[in-house]
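Novice: Test case, fold it:
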Amino acid sequence: MFVRLILSISLLMVSVQASARLEILITEGVNTARPIAVIPFKWLGEGSKPENFSEIIGNDLRSSGQFSPISVDKMPKTPSNSQQLDYALWHNIGVEAIVMGEVRPSSKAGEYSITYELLDVVTGNMGMPEYSPVMEKRRSSVKKAQLRQFSHRISDVVYEKLTGVRGAFLTRIAYVAVDRKSSHPYQLRISDYDGFGEKLVLRSKQPIMTPTWSPDGRKLAYVSFEQKRSQVYIQDLYTQKRELMTSFPKINGAPSWSPDGKQLALVLSKDGQPEIYVLDIMTKALKRITRNRVIDTEPSWSPDGQSLIFTSERGGRPQIYQVELTSGQTKRLTWEGELNLGGTITPDGDNLVVVSRHNGSYKISVQDLDSGELRTLTKTQLDESPSVAPNGSMIIYSTVFQGKKGLALVSMDGRFKANIPAKNGDVKSPAWSPFLN
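Specialist: Residues are numbered from 1 along each chain as shown. A predicted model of the protein is given here:
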């Protein structure tokens with residue numbers, strides 16, 4: 001089990017149809033979320049509304065685990081701007097904030113003018129002129145092809161205004177799938193965080209593994225077995241240009257981008273046991289970081305880029321260690337549980353996300369780096385490959401749902417959970433993108 005999980009070179013026996021789309025199914029956490037209203041945006045043009053903005057925004061806020069948008073049939077009214085709003089009606093049903101808006105054709109062909117507002121119901125209900133209930137009001141002209149992305153942008157604005165934390169709805173995920181019916185069954189795919197806009201990046205007759213995003217969101221690094229051996233590639237998502245980074249004998253695996261995007265940490269076994277190396281992407285200069293007669297693997301960078309987190313069995317069983325890149329000083333970070341794998345430090349530097357084994361089951365856990373307290377977040381038996389949202393609020397990971405390989409979400413506090421099965425087949429090895437502009 002250790003070698004299978006740690007080296008990440010096992011065959012990915014999952015399948016997905018070419019038309020697969022992920023779908024978020026919330027399983028826990030709605031009862032503890034804050035009540036909010038996302039009123040259907042009013043269409044001020046002819047024909048049908050070009051996009052269901054309120055549905056997208058409501059689903060975004062719901063899937064964050066922080067908010068519980070009320071259904072339209074429970075809304076006392078459906079106004080489209082704050083001048084039409086009776087705050088008392090909304091305050092009486094416990095709504096804390098309201099998102100509303102209007103959409104009309106723009107003067108430019110193929111564009112739409114969108115106005116939206118975010119309103120504080122408590123302040124509005126007080127009726128004190130010196131305190132404005134309008135938390136945000138914006139108007140933008142948006143091209144038709146960008147309407148869904150703009151809805152995610154509205155969700156980001158609302159989330160940040162209400163929580164003080166930057167929203168991560170305008171992000172993507174990368175993941176691996178296999179279509180056994182295809183001549184090139186192994187597939188690397190990306191989609192919006194909510195499963196829409198799925199795109200095929202690469203198909204191969206051999207396994208593709210461990211995708212990871214560059215800090216600018218333009219490229220993916222991954223492991224491919226196209227030449228019947230593991231090799232690390234970087235692929236530009238916009239130009240589709242691929243570059244071979246390492247192709248040493250034995251293991252080339254687990255690439256991880258440095259925060260500045262100039263280096264890759266990876267695992268190589270060209271000198272014996274799997275060890276951690278750092279590769280300069282521009283010059284291809286290689287620096288060996290660990291030197292042990294045990295397996296060192298699964299590197300990830302600290303947010304400041306000054307150290308690496310990695311998994312090692314140097315203590316007898318796999319645990320998480322940290323090595324300072326300048327001094328080489330190494331310390332052990334995890335002590336609880338039977339073993340701990342796949343460590344990642346959250347963007348704020350406060351917590352360590354790991355796969356922790358308890359009573360033979362692999363679960364997603366988070367450890368406070370100051371206190372050392374380890375909290376288990378998930379309840380299933382084979383949870384792995386965690387990837388943290390760029391705002392540190394959620395974790396996406398691989399799991400088994402209804403007997404099939406799929407993805408799942410859990411909030412950093414463990415209260416909110418959701419499964420993300422593909423409509424067709426199975427998916428695995430998720431990687432959450434950085435913030436996208």
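Novice: Nearest spatial neighbour of Val95, chain-adjacent residues omitted?
Specialist: Excluding the flanking residues, the one nearest Val95 by CB to CB, 6 or more residues apart in numbering is Ala37, at 4.8 Å. All C-beta atoms are positioned from the backbone trio N, CA, C, and that covers glycine.
Novice: so how far is Pro185 from the one you found?
Specialist: 46 Å (CB to CB, to the nearest Å).
Novice: Please apply the same query to Tyr175.
Specialist: 15 Å.
Novice: who's more crowded, those two?
Specialist: Neighbour count, other CB atoms under 10 Å: between Tyr175 and Pro185, Tyr175 has more, with 27 against 19.
Novice: Next up, the contacts around that one.
Specialist: For Tyr175, the contacting residues are 188-191, 211, 407, 427-431, by CB atoms under 8 Å, 6 or more residues apart in numbering.
Novice: Then it would be within a helix, right?
Specialist: No - using DSSP: H, G, I helix; E, B strand; the rest coil, the secondary structure at Tyr175 is strand, not a helix.
Novice: Report the beta-bridge partners for it.
Specialist: When bridges are called by DSSP bridges, Tyr175 pairs up with Arg189.
Novice: Could you pull out the buried residues of the lengthiest helix in the chain?
Specialist: Ranked by residue count and defined by DSSP state H, the top helix of the chain is helix 147-163. Of the residues in helix 147-163, 147-159, 162 count as buried by neighbour count, 16 or more other CB atoms under 10 Å.
Novice: In terms of distance to Val201, which of these ranks first?
Specialist: Val201 lies nearest to Gln149 out of these, by CB to CB, at 18.8 Å.
Novice: Next one: the closest one from Val157, what distance?
Specialist: Going from Gln149 to Val157 by CB to CB gives 13 Å.
Novice: Could you do Lys270 as well?
Specialist: For Lys270, the distance to Val157 - CB to CB - is 48 Å.
Novice: so for stretch 77-85, what's the average pLDDT?
Specialist: Stretch 77-85 carries an average pLDDT of 92.
Novice: next one: stretch 379-386
Specialist: pLDDT averaged over stretch 379-386 gives 88.
Novice: Contacts for it next, please.
Specialist: By CB under 8 Å, 6+ apart, stretch 379-386 touches 5, 341-342, 344, 353-355, 361-364, 395-401, 408, 428-430.
Novice: Can you tell me which of these are buried?
Specialist: Buried by 16+ other CB under 10 Å: 5, 341-342, 344, 353-355, 362-364, 395-399, 401, 408, 428-430, out of these.
Novice: Now, the residues you listed that are in strands?
Specialist: Using DSSP state E, the subset of these located in strands is 341-342, 344, 353-355, 362-364, 395-399, 401, 408, 428-430.
Novice: Can you tell me the closest non-neighbouring residue to Arg291?
Specialist: Nearest to Arg291 is Glu275, by CB to CB, 6+ apart, at 6.7 Å.
Novice: how many neighbours does the one you found have?
Specialist: Using other CB under 10 Å: Glu275 sits among 25 other residues.
Novice: can you check Lys74 too?
Specialist: 10.
Novice: Output the lowest mean pLDDT helix or strand found in this structure.
Specialist: Using mean pLDDT, DSSP states H and E, the weakest-scoring helix or strand in the chain turns out to be helix 2-7, at a mean of 38.
Novice: Please work out the average pLDDT along whatever helix or strand comes next after it.
Specialist: Elements were assigned by DSSP states H and E; along the chain past helix 2-7, the next helix or strand is strand 25-28. Strand 25-28 shows a mean pLDDT of 70.
Novice: C-alpha coordinates for strand 25-28, PDB please?
Specialist: Below are the C-alpha coordinates for strand 25-28, written out as PDB (Å, rounded to 0.1, in the frame of the first residue of the first chain):
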ATOM      1  CA  LEU A  25     -23.600  16.500  -4.800                       C
ATOM      2  CA  ILE A  26     -23.600  18.000  -1.300                       C
ATOM      3  CA  THR A  27     -23.800  15.400   1.500                       C
ATOM      4  CA  GLU A  28     -23.200  17.400   4.700                       C
END
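Novice: quick one: the next helix or strand after that strand to helix 147-163, angle?
Specialist: Later in the chain than strand 25-28, the nearest helix or strand by DSSP H and E is strand 34-38. Interaxial angle, strand 34-38 versus helix 147-163 (axes from the mean of the first three to the mean of the last three CA atoms, to 10 degrees): 140 degrees.
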